[in-house]
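whatever this is, show me its structure:
(one chain, ligands or ions: 1)
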Amino acid sequence: MEKHDEWFTARVASVEEIAEGVRQVIFDVGSNGELFDPGSHLNIKVVIDGQPAIRTYTCLPMPVGKMAIAVKLHPNSRGGSRFIWQLKPGDEVELTQADNRFPLSWRASHYLLLAGGIGVTPIYGMAESLATKGAPITMMYGGQNRASMAFADELESLLGDNLSMHFADDDQFIDIEAAIAALPEDGELYTCGPIGMLNAIKAAWAKSGRPISRLRLEVFGDNGKFAETAFEVEVLNENITVTVPPDKSLLQVLEESGVEMISDCRRGECGLCAVHIISHDSEIDHRDVFFSDEEKQESERMCACVSRQTGGHMKIDTGYRP
Ligand code: FES
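Below is the predicted model:
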C-alpha cells in the first residue's frame, strides 16, 4: 500500500476565510507530519448527504506538523466544499499523506505559471518555492475580482512585477497565446484552473508547436457536474460485473477486482486509464481534460480514474487503449 492510501486522524487547528468565498483550514497532523513538495495533494474523507466520499485538495505550504488546504465554497457544490466549510477548530478528520502528481521539473530556464480562480492553490506553492530558489518566473492570475482571489497579497510580495492579475469584473483576461509566445523555448508552463481555461491553454500550447512534456496542468479534483452515486459496471472482456460506490473511482474498483489497468496521473489528464463504453443507461459525468468536448458528447470512452456514470448500469470493455 502506498503512503497516500494510508489514512490517519488529524485535528482542525484553525479555519479562516482568506478571500471572499475561500476558506483555509489548517490541520494539526502531529507525528504524521512530513516535508512535501509544492504541487502535492492530500485526500480527506468527507460525508455528503450522509454518504462517505473522498476529496483531494492541494497542500498549501506549511511547516512540518501542519497541513492546510484552501477550499472555495461552490454555489453548485456536490457536497465536498460544503463539508469542508462546516469544519471548525477541534474537529477530527481523516487524511492521507501528501502525494505529488503535479511536481515541478526544476529543469526549465523559465517558468510560466497560469492560475485561474481557486486553481491558484498548487500554483501558489510553486511560486513560493521557485521564488525562494531564485528561479525565473512569470505568473498570471485570473479571477472574478481581487477580493475573491486567494493569496493575492502573498503572491504580489513574492513576485512583484513578475505577477499580473486579471479581473473578469473589469474584462481583463489572460492573453494565453501571447504569454506562451513570450516564454523561452525551453521554458515550461504550469497551470491549474477551470476546465475551460485548461482546454484553451492546451489548444494554444499545441498551436505553438511546443513539446507537450513542457506543459503541466492540473484539473480541479471537484469538477463533476453531478454528485457521486453508485453505479454498476459490466466488464465484457473480463466477464465480471462490479459496483462502483460513491466514494471510489471506477479505476479503483476495477483494480481491486483484479482487472489489469494502465494508469498514470489518476486525475483525468493522461488518458491511460480510458475504457471503451459499450452501453450506458444514464448520463456519463466526464471529469477529465483528456477527451475533447466532442468525444465527451459521443461518450464512447471515459477516463476510469475520474469519470462516472450517474447511477444505473453500463457495459464497458477495458481492452481499448488510447
Ligand atoms: S490515469 Fe490518467 S486519465 Fe486516468
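
who does the residue lying closest to G117 once chain neighbours are set aside form a beta bridge with?
Excluding its sequence neighbours, the residue lying closest to G117 (Cβ to Cβ, 6 or more residues apart in numbering) is G143, at 5.4 Å. For glycine as for every other residue, the C-beta is placed from the backbone atoms N, C-alpha and C. Judged by DSSP bridges, the bridge partners of G143 are F167.

G143 touches G116, doesn't it?
Yes - applying Cβ atoms under 8 Å as the test, G143 and G116 come out as touching, 7.4 Å apart.

element containing P38?
P38 belongs to no helix or strand when assigned by DSSP states H and E.

could you find the closest non-adjacent residue to it?
Among residues not flanking P38 along the chain, G125 sits closest, at 3.4 Å (Cβ to Cβ, 6+ apart).

swap in E177?
Spatially, and ignoring its direct neighbours in sequence, E177 is nearest to A204 (5.0 Å; Cβ to Cβ, 6+ apart).

need the pLDDT of that neighbour.
Listed pLDDT for A204 reads 96.

now swap in E269 and tell me
Note on E269: pLDDT of 83.

ok, now which ones touch it?
When contacts are counted by Cβ atoms under 8 Å, 6 or more residues apart in numbering, E269 touches 217-219, 288-290.

just those residues that are near the ligand?
Filtering these for neighbours of the ligand using Cβ under 6 Å from any ligand atom leaves 288, 290.

now for the contacts of E269, which pair is the farthest apart?
Largest separation among the contacts of E269 by Cβ to Cβ: E218 and F290, giving 13.0 Å.

what mean pLDDT would you report for whatever helix or strand the residue nearest to P38 lives in?
Assessed by DSSP H and E, G125 sits inside helix 120-132. For helix 120-132, mean pLDDT is 96.

did I read that right, the residue nearest to E177 in a strand?
No - going by DSSP: H, G, I helix; E, B strand; the rest coil, the assignment for A204 is helix, not a strand.

surely it is in contact with I180?
Yes - assessed by Cβ under 8 Å, A204 is found in contact with I180 at 5.6 Å.

out of the contacts of E269, which are inside strands?
217-219 (DSSP state E).

nearest to L42, of those?
The closest of the ones in strands among the contacts of E269, once distances to L42 are taken by Cβ to Cβ, is E218, at 14.3 Å.
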